[in-house]
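Colleague: Sequence plus the predicted model coming up.
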Amino acid sequence: MEHQHRHQRAAPHLLVLVFIFVLTSSIATNAHSTRKENAIKAREQAQKFANMRAAGQDQVSMTKEAAELRSYELRKKKHKGLFKRKEVSLVQVLFPGASPEEYSENEPVPAFVELVSSKRTQVPFEYYDLPTCDEPNETIQKRFRQRKNLGSRLIGHSKMKLTPYKFVAKGDMPCTPLCVVEVGGRNLKWLRKLVDQQYRVHLTLDQLPVLMRSKELNYAVRGYPLGFKASAASTGLREDEYFFYNHLKFTVTYREDPEEFEGVRVTGFDVHPVSITHRPEDGMSTCNKDFSPVNDPSSYLDLRTGPTGEDMKIYYSYEVIWQQSDIPWADRWDVYLVGSPDDEIHYFAIVNSLMIVVFLTGAVATILIRTLKRDIAGYNAVQTLEEAQDETGWKLVHGDVFRPPQNGQLLLCVLVGTGAQLGSAFFITLLASMLRMLNPIKKGQALTAVVVLYVLCGGIGGYVSARLYKFCGASSWKRATLATAIAFPSVIVGMFMVLNFFLSVAGAATAASFFTIVSVFLLWGCVATPLVFVGSYFGFRAEKIEVPTKTNQIARIVPDVPFYSKPPMSMFLAGLLPFGAVSIELFFIMSALWLHQLYYIMGFLTAVLLILVTTCSEVAIVMCYLQLCLEDHRWWWKSFLNCASAGVYLFLYSLWFLPFKLHLVGMLPVVVYLTYMSMISLAFGLVTGTAGYLSCFWFTKKIYGAVKVD
């Protein structure tokens with residue numbers, strides 16, 4: 001009877017186990033079949049789009065087939081999430097939280113003009129500084145206004161300006177004369193120079209940048225050129241001729257779906273520029289409702305004065321075509337990323353960096369686990385005076401390893417404090433970008449975040465420099481605090497002011513206004529400096545940093561060390577690895593900065609920053625251990641400079657980038673580029689140097705705290 005009861009009690013448990021087994025098997029079978037179906041589907045899609053490309057299907061037009069091909073090419077970019085990669089539209093990736101704007105028929109759609117810029121000069125100009133039609137005297141509706149931030153003002157995007165071209169929802173407009181402008185003398189010479197330097201005009205409609213695209217050549221590029229240059233060989237003249245685009249053919253693509261939404265949504269904004277010599281003497285026969293201008297070599301508008309030297313007249317005109325399309329609003333940004341580097345390249349860059357980190361981690365682990373463990377066990381086993389006198393290696397300098405540097409104590413503490421402040425600002429900015437709190441695609445938003453967070457992290461810089469300065473035994477805390485507050489900002493602001501003067505003389509749009517400069521000074525003087533003093537106050541009030549050994553009264557003589565342990569050779573060796581760990585990602589960042597490409601993958605950039613800090617820490621520890629084994633206790637400045645030399649590598653890389661990628665023309669563009677890259681390299685070097693210094697400080701405290709010192 002008891003045996004039967006046990007079987008009855010065990011029966012439900014067996015049923016549960018059987019149920020779990022069946023359920024697990026079913027889930028595994030379904031998952032396997034799902035993976036198999038997905039693999040088959042992926043192969044079919046790959047074959048389908050390969051056939052489309054072989055048949056000559058383009059990727060840039062607004063047809064359904066081109067949109068499908070674009071979506072397939074960009075499929076890896078349309079994912080969010082770190083582990084569970086959720087497929088979304090590109091708008092959700094670039095502009096999280098953005099919603100479409102809907103226009104009713106015949107409703108005015110405002111278009112805004114951006115800067116007139118060129119990749120060959122990096123010195124943009126305001127559109128209305130050019131000899132063009134006057135700016136319309138209209139008030140921008142509240143729903144279309146965009147508040148300009150500090151970063152956008154610093155890079156020249158200070159005010160939204162309407163274009164002279166009018167757009168009405170679903171309202172086609174035939175060729176319409178706009179205005180006539182007389183150009184001569186210096187303005188004509190300047191206009192020819194802008195055409196020669198390949199300046200482009202950038203407009204936006206419904207936040208979409210205007211595109212020039214060619215279905216035949218399968219390309220799409222933002223903005224349109226002011227004109228073009230024809231060689232003497234093609235024109236038969238004695239010198240090159242410059243022609244000007246004075247007529248614009250706009251095509252606005254829209255989607256209309258009454259069941260889903262009311263009105264129309266803009267899904268594309270294209271322009272086709274035309275150079276034509278209008279004939280006003282016969283009633284503007286070259287521009288009316290029955291005639292649409294085309295590019296014809298016989299009627300190009302050349303940029304030169306009249307036969308008797310009088311000013312030339314430029315007749316501006318435009319036309320608008322509204323074209324319906326089935327492309328969803330969420331996919332309208334796809335064409336802007338066609339041809340951009342695939343995310344797999346960024347993955348490879350991170351894998352490359354991780355290989356360096358793994359190598360260095362192995363070296364550090366060998367030092368900490370094997371070498372140091374053996375050394376510490378040997379040092380702690382020394383019992384007799386004779387054995388103690390025969391000691392060699394890093395324990396010999398235990399009485400000098402924590403001796404503050406004899407020269408430049410204040411400067412070193414200020415540099416480390418500034419590096420800690422910069423590193424904190426960069427990390428928080430990237431973290432905010434990952435959390436979608438700011439959007440790097442929006443002009444100036446990332447720069448504003450860096451500036452504001454650098455100001456707010458002033459307390460971190462003051463605290464770190466104060467703690468280190470107090471450890472060095474110095475007492476002039478006011479001087480140290482003031483130096484931390486003004487040293488780095490003074491250098492950056494000084495360089496910026498000198499550059500801003502030359503940009504103002506040249507009439508560049510990136511010249512900061514007086515109001516912007518005053519705002520920067522107020523942030524610096526009224527927010528950053530007081531926060532540095534607050535952090536310094538708490539830093540000096542904190543207990544002095546404790547170290548495991550006492551410092552001898554008389555410094556130990558440093559023996560001769562090998563050449564690789566002395567600067568600048570040690571700096572050359574140590575800075576190479578941190579720079580190499582981030583060099584691939586640096587190419588994409590510099591392309592975004594100087595070649596006007598889109599960069600929005602802040603998750604990759606955050607990972608690269610963490611890899612950079614880890615690499616700097618491990619390189620600094622290895623170099624410091626080798627130095628101490630050579631009985632050289634002067635590690636303070638070396639630990640900072642060894643890793644800070646990565647900033648020198650960055651500047652040298654920018655010198656390579658200048659002739660091979662930018663092809664700048666003129667002296668001012670080169671000065672602008674080198675000035676900004678000097679600022680970036682300086683900040684980069686301070687962050688990497690600080691990471692190396694603090695890692696070495698932690699390392700020396702750990703190893704000397706583990707040995708017995710009499």
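Modeller: The structure has been received and is ready for your questions. Numbers count the residues shown, from 1 in each chain.
Colleague: tell me the helices in the stretch 401-550 of the chain, going along the chain?
Modeller: 409-434, 445-456, 458-471, 477-506, 514-522, 529-541 (DSSP state H, counting those that start in this stretch).
Colleague: As TSV, those with mean pLDDT would be great.
Modeller: TSV is the format used below for the helices of the stretch 401-550 of the chain (pLDDT from 0 to 100):
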stretch	mean pLDDT
helix 409-434	93
helix 445-456	90
helix 458-471	94
helix 477-506	92
helix 514-522	88
helix 529-541	94
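Colleague: Of those helices, flag the one that's most buried.
Modeller: Relative to the other members of the helices of the stretch 401-550 of the chain, helix 458-471 carries the highest mean neighbour count by mean count of other C-beta atoms under 10 Å, namely a mean of 25. Yep, even glycine has a C-beta here, placed from its N, CA and C like the rest.
Colleague: which residues sit against that one?
Modeller: Contacts with helix 458-471, where a contact means C-beta atoms under 8 Å, 6 or more residues apart in numbering, come from 404, 409-410, 412-414, 416-418, 420-421, 424, 477, 480-481, 484-485, 527-540, 542, 544-545.
Colleague: Apply 6 Å and report the result again.
Modeller: When contacts are defined by C-beta atoms under 6 Å, 6 or more residues apart in numbering, helix 458-471 is touched by residues 413-414, 416-418, 420-421, 424, 480, 484, 528, 531-532, 534-536, 538-540, 544-545.
Colleague: now stretch 112-125
Modeller: 127, 156, 160-161, 163, 197-199, 201-204, 508-510, 595, 663-665, 668-669, 672-673.
Colleague: again, 7 Å this time
Modeller: Contacts of stretch 112-125 with the rest of the structure, by C-beta atoms under 7 Å, 6 or more residues apart in numbering, involve 126-127, 130, 156, 160-163, 197-204, 506-510, 594-596, 662-666, 668-669, 672-673.
Colleague: ok, and the helix or strand in this structure with the lowest average confidence?
Modeller: Lowest mean confidence among the helices and strands of the chain (mean pLDDT, DSSP states H and E): helix 385-389, at a mean of 48.
Colleague: hang on, the earlier thing: keep only those of the contacts of stretch 112-125 that are in strands.
Modeller: Among the contacts of stretch 112-125, DSSP state E puts Lys161, Leu162, Arg200, Val201, His202, Leu203, Thr204 in strands.
Colleague: In CSV: these, plus distance to Gly462 and neighbour count.
Modeller: As requested, those are exported to CSV (distance: C-beta to C-beta, whole Å; neighbours: other C-beta atoms under 10 Å):
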residue, distance to Gly462, neighbour count
Lys161, 42, 15
Leu162, 46, 17
Arg200, 45, 21
Val201, 47, 22
His202, 42, 18
Leu203, 46, 21
Thr204, 42, 17
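Colleague: which one among those gets closest to Leu576?
Modeller: Arg200 (38.2 Å; C-beta to C-beta).
Colleague: Hmm, that closest one is touching Pro225, no?
Modeller: Yes. Assessed by C-beta atoms under 7 Å, Arg200 is found in contact with Pro225 at 5.4 Å.
Colleague: give me every residue that touches His628.
Modeller: Quick fix: residue 628 reads Leu, not His. Listed by C-beta under 7 Å, 6+ apart, the contact set of Leu628 reads Trp394, Val397, Val401, Trp635.
Colleague: mind redoing it with 6 Å?
Modeller: Trp394.
Colleague: ok, for Arg213, nearest residue in space, not its chain neighbours?
Modeller: Leaving aside its chain neighbours, Arg213 sits nearest to Ala220 (3.9 Å; criterion: C-beta to C-beta, 6 or more residues apart in numbering).
Colleague: Look up how far Lys661 lies from that neighbour.
Modeller: 21 Å (C-beta to C-beta, to the nearest Å).
Colleague: which one of these two has more residues nearby?
Modeller: Per other C-beta atoms under 10 Å, whichever of Ala220 and Lys661 has more neighbours is Ala220, with 20 against 14.
Colleague: Show the subsequent helix or strand relative to the one helix or strand Ala39 maps to.
Modeller: In this structure, Ala39 sits in helix 2-54 according to DSSP states H and E. Downstream of helix 2-54, the first helix or strand assigned by DSSP H and E is helix 64-73.
Colleague: So which elements touch that following helix?
Modeller: helix 2-54 (3 or more C-beta pairs under 6 Å, 6 or more residues apart in numbering; DSSP states H and E).
Colleague: The helix it packs on - what's its average pLDDT?
Modeller: Averaged across helix 2-54, pLDDT comes to 61.
Colleague: List the contacts of stretch 424-431.
Modeller: Against stretch 424-431 from outside (C-beta under 6 Å, 6+ apart): Ala449, Val450, Leu453, Tyr454, Cys457, Ile460, Met602, Leu605, Thr606.
Colleague: what's the second one in contact with, if anything?
Modeller: If I follow you right, that is Val450. Neighbouring residues of Val450 by C-beta under 6 Å, 6+ apart: Ala425, Thr429.
Colleague: Over to the fifth one?
Modeller: For Cys457, the residues meeting the contact criterion (C-beta under 6 Å, 6+ apart) are Gln421, Ser424, Ala425.
Colleague: and it, backbone torsions?
Modeller: Per-residue torsions, Cys457: phi -90, psi 10 (degrees, to the nearest 10).
Colleague: That one and Asp240: what is the separation?
Modeller: As for Cys457, its distance to Asp240 is 53 Å (criterion: C-beta to C-beta).
Colleague: follow-up on the earlier one: now flag whichever of the contacts of stretch 424-431 is closest to Glu68.
Modeller: Met602 (28.7 Å).
Colleague: Quick check: which of the helices of the stretch 401-550 of the chain is nearest to Cys696?
Modeller: Of all the helices of the stretch 401-550 of the chain, helix 409-434 sits nearest to Cys696, with 11.1 Å by C-beta to C-beta.
Colleague: relative to helix 458-471, how tilted is that closest one?
Modeller: 150 degrees (axes from the mean of the first three to the mean of the last three C-alpha atoms, to 10 degrees).
Colleague: would TSV of the helices of the stretch 401-550 of the chain with distance to Glu65 be doable?
Modeller: Output for those, formatted as TSV (distance: least, C-beta to C-beta, whole Å):
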stretch	distance to Glu65
helix 409-434	35
helix 445-456	36
helix 458-471	54
helix 477-506	46
helix 514-522	47
helix 529-541	57
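Colleague: And these: which comes nearest Thr267?
Modeller: Of all the helices of the stretch 401-550 of the chain, helix 445-456 sits nearest to Thr267, with 24.5 Å by C-beta to C-beta.
Colleague: May I ask which helix or strand encompasses the residue sitting nearest the centre point of the chain?
Modeller: In the chain, the C-alpha nearest the mean C-alpha coordinate belongs to Ile589, at 4.7 Å (C-alpha atoms, centre = their mean). Using DSSP H and E, Ile589 sits within helix 569-594.
Colleague: helices or strands next to that helix in the packing?
Modeller: Under the contact definition 3+ C-beta pairs under 6 Å, 6+ apart, helix 569-594 sits against helix 343-365, helix 602-629, helix 636-657.
Colleague: tell me the angle it makes with helix 602-629.
Modeller: With the same axes, to 10 degrees applied, the angle from helix 569-594 to helix 602-629 works out at 170 degrees.
Colleague: what is the mean pLDDT for helix 569-594?
Modeller: pLDDT averaged over helix 569-594 gives 87.
Colleague: So for that helix, what gets flagged as buried?
Modeller: For helix 569-594, a neighbour-count test (16 or more other C-beta atoms under 10 Å) marks 570-571, 574-575, 577-579, 581-588, 590-591, 594 as buried.
Colleague: ok, now stretch 145-158?
Modeller: Of the residues in stretch 145-158, those buried (16+ other C-beta under 10 Å) are Lys148, Asn149, Leu150, Gly151, Ser152, Arg153, Leu154, Gly156, His157, Ser158.
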